[in-house]
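Asker: pasting the sequence and the predicted coordinates here, then a few questions.
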Amino acid sequence: MELASQKKEISFKGRGTSVCVAFESAILPGISDVLRELRDAGSMVTGHQIVFDFKKLQVPRNWLLDLLRDVIFPMNLSVSLWNAEEPSTKENLASLGFKVDGSERPMVTQGTLKIVSIPLRGGQALQHDGDVLMLGDLHHGAEINATGSIIVLGAIQGQVHAGCNGDNSASVITLSYQTNQLRIGSMISNAMEPGASPWWGKPVRIVVEGGVFVASDISWEK
């Protein structure tokens, strides 16, 4: 397949089975504009591996999450890679678990990602060989065990075990940390009373570094 199509703010260039969606404007377009452009592209993007290239644009985290929820998931797009030249955009992509060009370990691994589109409630459990992306809350009494990383676009109130096969390089991301204990690989956090954790209620990414849990704030400004 050899193709090239130029639109107002986004260009589409493909070779083989992959299509590069490049942002050509100096101003980041709105999510509705991106959705319209991709829908207009039709078969040019559907059914192919997509590479998003933001070039020199500064892209905030909330915009990326909106892109996931309002464009990529509804259109059932398969994104294999994300490119960016702007350091802050690269950092935002990596912190949200997107596979960035040049990264050693993508947090969300193409082909092993399980998307959970409904909340899990007390008594429900999910076991998955790979990464898990949950669109909603993990309620008290529910649990997720994954051999890869776990991203919850909502609150974590139940139990999570990322890297449950012993992979300490896995990560946990949540928009609201509300659990008294979590596990990553062979590591188990200290049990705390509700609200006692310094991360409580915050959007964080949690990793294991030097044998201890390290949380980084992933909040953003509108």
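Answerer: Sure, I can see it.
Asker: how are the helices of this structure distributed by residue range?
Answerer: Taking DSSP state H as the test, the helices found in the chain are 31-41, 61-67, 73-75, 87-95.
Asker: could these go into TSV alongside mean pLDDT?
Answerer: Below are the helices of the chain laid out as TSV (pLDDT from 0 to 100):
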stretch	mean pLDDT
helix 31-41	91
helix 61-67	85
helix 73-75	80
helix 87-95	83
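Asker: got TSV for these, with distance to Lys114 and mean neighbour count too?
Answerer: For the C-beta atoms, the positions are set from N, CA and C on the backbone; glycine is no exception. Compiled in TSV, these are given as follows (distance: least, C-beta to C-beta, whole Å; neighbours: other C-beta atoms under 10 Å):
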stretch	distance to Lys114	mean neighbour count
helix 31-41	24	16
helix 61-67	18	17
helix 73-75	13	13
helix 87-95	21	18
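Asker: can you lay out the ones you listed as a markdown table showing distance to Lys202?
Answerer: Listed next are these as a markdown table, based on distance: least, C-beta to C-beta, whole Å:
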| stretch | distance to Lys202 |
| --- | --- |
| helix 31-41 | 25 |
| helix 61-67 | 14 |
| helix 73-75 | 25 |
| helix 87-95 | 14 |
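Asker: just name the shakiest helix or strand of this protein by mean pLDDT.
Answerer: One helix or strand of the chain scores below all others by mean pLDDT, DSSP states H and E: strand 2-6, with a mean of 42.
Asker: one step back: nearest to Gly158, out of the helices of the chain?
Answerer: helix 61-67 (21.2 Å; C-beta to C-beta).
Asker: what's in contact with the closest one?
Answerer: Leu28, Ile31, Val34, Asn92, Leu93, Ser95, Leu96, Phe98, Leu153, Ile218, Trp220, Lys222 (C-beta atoms under 8 Å, 6 or more residues apart in numbering).
Asker: for it, list the C-alpha coordinates in PDB.
Answerer: Output of helix 61-67 as PDB, limited to C-alpha atoms (Å, rounded to 0.1, in the frame of the first residue of the first chain):
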ATOM      1  CA  ARG A  61      -2.000  14.300  29.500                       C
ATOM      2  CA  ASN A  62      -5.700  15.200  29.600                       C
ATOM      3  CA  TRP A  63      -5.700  15.600  25.800                       C
ATOM      4  CA  LEU A  64      -4.100  12.200  25.400                       C
ATOM      5  CA  LEU A  65      -6.700  10.500  27.700                       C
ATOM      6  CA  ASP A  66      -9.500  12.200  25.800                       C
ATOM      7  CA  LEU A  67      -8.000  10.900  22.500                       C
END
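Asker: chain center to it: distance?
Answerer: How far helix 61-67 lies from its chain's middle: 10 Å, per C-alpha atoms, centre = their mean, to the nearest Å.
Asker: brilliant, that's me finished.
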